[in-house]
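A.B. asks: below: sequence and its predicted model.
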Amino acid sequence: MKHHDVAIVGGGCVGLSVAKHLAERTDLDTAVIEKEHHLAAHQSGRNSGVLHPGFNYPPESKKARFATEGTRRMKEYCDDHDVPCEELGVVVVAKTDREEAHLETLAEQAEANGVEYELLHSQEAIREHEPHAEGQAALYAPEAASVDSQQYVYALAREIQNAGVSLYTGYAVEEIDHTASGYRLSTSNGDFAASYLVNAAGLHADTLAHQLGVGEQYQVVPFRGEYYEVRPERAHLCETMIYPTPDPELPFLGVHYTRRTDGKVIVGPNAVLAFGREAYDNTDLDPSDLAETLTYEGFRKLLASKTMLSVAWSELNKSYRKAKFTEASQRLVPEIEAEDLQQSYAGIRAQLVSDDGELVKDPLFVERENAVHILNAVSPGLTSSLPFGDHIAETLAAKV
């Protein structure tokens with residue numbers, strides 16, 4: 001059995017950030033335990049790679065604080081560690097009077113959160129930034145950036161190993177038990193003993209927490225987000241990032257355009273119920289995971305909402321009918337055609353849902369005497385990973 005002071009379950013960007021900041025703050029013997037043989041296999045590597053500067057979050061909220069600080073710190077980190085990162089800016093496009101009115105709210109939030117922005121009041125002004133985007137108004141935020149999320153995760157892994165943290169890959173944590181001195185973790189490759197625990201298991205964080213009687217009023221519901229890539233000869237249709245105006249009544253942003261650090265332009269994601277926590281293809285099915293979701297009281301209450309049912313149907317159509325995905329893409333860039341879009345990768349969002357049927361929209365972690373369970377490292381999780389991990393490390397260090 002391997003012994004460590006701290007066991008961090010999950011080698012994604014949040015778990016590795018916790019390890020980094022624990023190594024900086026303490027002399028604790030820390031281990032990160034990751035079930036995959038390669039890092040960034042799930043949420044940390046299957047995302048759009050966007051750094052969100054914080055205009056879309058209420059002032060003084062955790063999301064606003066972590067996003068604004070996270071964007072700044074991530075750019076500095078990428079510069080110091082040679083991780084590809086480009087400050088491209090984003091144009092948030094309004095197509096209707098209602099959406100244009102919401103841009104004012106975004107501008108107020110940007111002002112309060114210290115985020116640089118400019119309101120664009122005409123089609124001509126929009127096309128100065130994105131010549132092929134179409135809308136009646138927009139908010140331009142120049143601090144938005146694109147980062148190679150997989151290289152970022154590996155940079156964190158190298159840093160923590162250089163700092164003396166043990167990184168175990170290919171160790172799937174199957175069971176966690178309380179012991180007199182802390183925790184015993186049974187994995188696919190042997191057992192671990194630790195005095196302190198950080199549960200940063202992402203898609204499986206609730207499952208591990210429930211084994212210890214923590215967070216039983218919540219469950220992760222997996223939503224798959226699918227991306228298309230614009231064929232190279234048409235990539236000029238998006239020069240930076242083009243986003244729709246978010247609907248505050250809906251849980252997901254909607255299809256948008258992102259230019260990545262490798263020059264590719266990706267479009268998406270949609271947000272459809274995944275038939276398994278790691279069901280990345282729309283034909284993948286994990287019967288146990290799906291049954292767990294469909295029998296969950298909170299999920300049934302969530303779907304009792306007519307709005308959510310309508311959104312679910314619309315998103316399902318985008319998953320199985322390319323024409324519907326193209327139609328959503330054309331709302332921002334009318335020149336895009338179905339033949340311009342090539343199917344790319346997909347990610348799974350670990351969306352925490354409460355027993356009363358509410359989507360948990362803010363970061364959520366539950367403390368115990370000698371543990372921290374990160375149940376909801378919700379979007380913008382990549383952007384927030386450095387300050388969020390720092391906060392969790394500080395929280396745990398105070399228990400020592």
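C.D. replies: Done, it's in.
A.B. asks: mean confidence score for the longest helix seen in the chain?
C.D. replies: If you go by DSSP state H, the chain has its longest helix at helix 62-80. What helix 62-80 shows for mean pLDDT is 96.
A.B. asks: chain center to that helix: distance?
C.D. replies: 14 Å (C-alpha atoms, centre = their mean, to the nearest Å).
A.B. asks: quick check: buried residues in that helix?
C.D. replies: 62-75, 77-78 (16 or more other C-beta atoms under 10 Å). Where C-beta positions appear, they are placed from N, C-alpha and C, glycine not excepted.
A.B. asks: ditto for stretch 206-214
C.D. replies: 206, 207, 208, 209, 212, 214.
A.B. asks: hang on, the earlier thing: specify which member of the buried residues of helix 62-80 is nearest to residue 163.
C.D. replies: Nearest to residue 163 among those, counting by C-beta to C-beta, is residue 77 at 14.4 Å.
A.B. asks: would you mind measuring from that closest one to residue 380?
C.D. replies: Between residue 77 and residue 380 the computed distance is 15 Å (C-beta to C-beta, to the nearest Å).
A.B. asks: next up, the contacts around residue 247.
C.D. replies: 102, 254 (C-beta atoms under 8 Å, 6 or more residues apart in numbering).
A.B. asks: that older thread, what's next to the longest helix of the chain, contact-wise?
C.D. replies: 51-54, 57-58, 83-85, 87, 109, 112-115, 143-145, 147, 152, 155, 361-363, 378, 380, 383-388, 391.
A.B. asks: let's see that with 6 Å instead.
C.D. replies: Helix 62-80 is contacted by residues 51-54, 57, 85, 113, 362-363, 380, 383-384, 386-388 when judged by C-beta atoms under 6 Å, 6 or more residues apart in numbering.
A.B. asks: list buried residues within the residues you listed.
C.D. replies: Neighbour counting with 16+ other C-beta under 10 Å marks 51-54, 57, 85, 113, 363, 380, 383-384, 386-388 as buried within the contacts of helix 62-80.
A.B. asks: what sits closest to residue 37 if chain neighbours are left out?
C.D. replies: residue 170 (4.5 Å; C-beta to C-beta, 6 or more residues apart in numbering).
A.B. asks: my bad, should have said residue 304
C.D. replies: residue 357 (6.8 Å).
A.B. asks: what's the distance between the one you found and residue 303?
C.D. replies: Going from residue 357 to residue 303 by C-beta to C-beta gives 8 Å.
A.B. asks: please say which of those two ends up with more neighbours.
C.D. replies: Neighbour totals were compared for residue 357 and residue 303, and residue 357 leads with 17 against 14 (other C-beta atoms under 10 Å).
A.B. asks: need the phi and psi values for the more buried one.
C.D. replies: Note on residue 357: backbone dihedrals following degrees, to the nearest 10 are phi 90, psi 20.
A.B. asks: how near is it to residue 272?
C.D. replies: Distance of residue 357 to residue 272, given as C-beta to C-beta: 18 Å.
A.B. asks: so for residue 177, what pLDDT did the model give?
C.D. replies: As predicted, residue 177 sits at a pLDDT of 97.
A.B. asks: in the stretch 251-400 of the chain, mark out all the strands, start to finish.
C.D. replies: 256-259, 265-268, 272-273, 341-354, 364-368, 371-376 (DSSP state E, counting those that start in this stretch).
A.B. asks: so which of the buried residues of stretch 206-214 comes closest to residue 370?
C.D. replies: Lowest distance from residue 370 to the buried residues of stretch 206-214 (C-beta to C-beta) belongs to residue 212, with 11.0 Å.
A.B. asks: re earlier: nearest to residue 328, of the buried ones among the contacts of helix 62-80?
C.D. replies: Using C-beta to C-beta, the buried ones among the contacts of helix 62-80 come closest to residue 328 at residue 52, 20.4 Å.
A.B. asks: phi and psi next, for residue 360.
C.D. replies: Note on residue 360: backbone dihedrals following degrees, to the nearest 10 are phi -80, psi 110.
A.B. asks: ok so, going back, so the residue nearest to residue 37 is in contact with residue 35, correct?
C.D. replies: No. Residue 170 is beyond contact range of residue 35, at 7.4 Å (criterion: C-beta atoms under 6 Å).
A.B. asks: those two: who's more crowded?
C.D. replies: In terms of neighbours (other C-beta under 10 Å), residue 35 is the more surrounded of residue 170 and residue 35; the figures are 21 against 13.
A.B. asks: show me the contacts for that one.
C.D. replies: residue 172.
A.B. asks: what's the lowest-mean-pLDDT helix or strand in the chain packed up against?
C.D. replies: Counting by mean pLDDT, DSSP states H and E, the chain has its least confident helix or strand at helix 306-320, which shows a mean of 78. When contacts are defined as 3 or more C-beta pairs under 6 Å, 6 or more residues apart in numbering; DSSP states H and E, helix 306-320 packs onto strand 272-273, helix 322-330.
A.B. asks: out of the ones you listed, which gets nearest to residue 186?
C.D. replies: strand 272-273 (30.5 Å).
A.B. asks: and that closest one, which strands flank it?
C.D. replies: strand 218-230 (antiparallel) (DSSP bridges).
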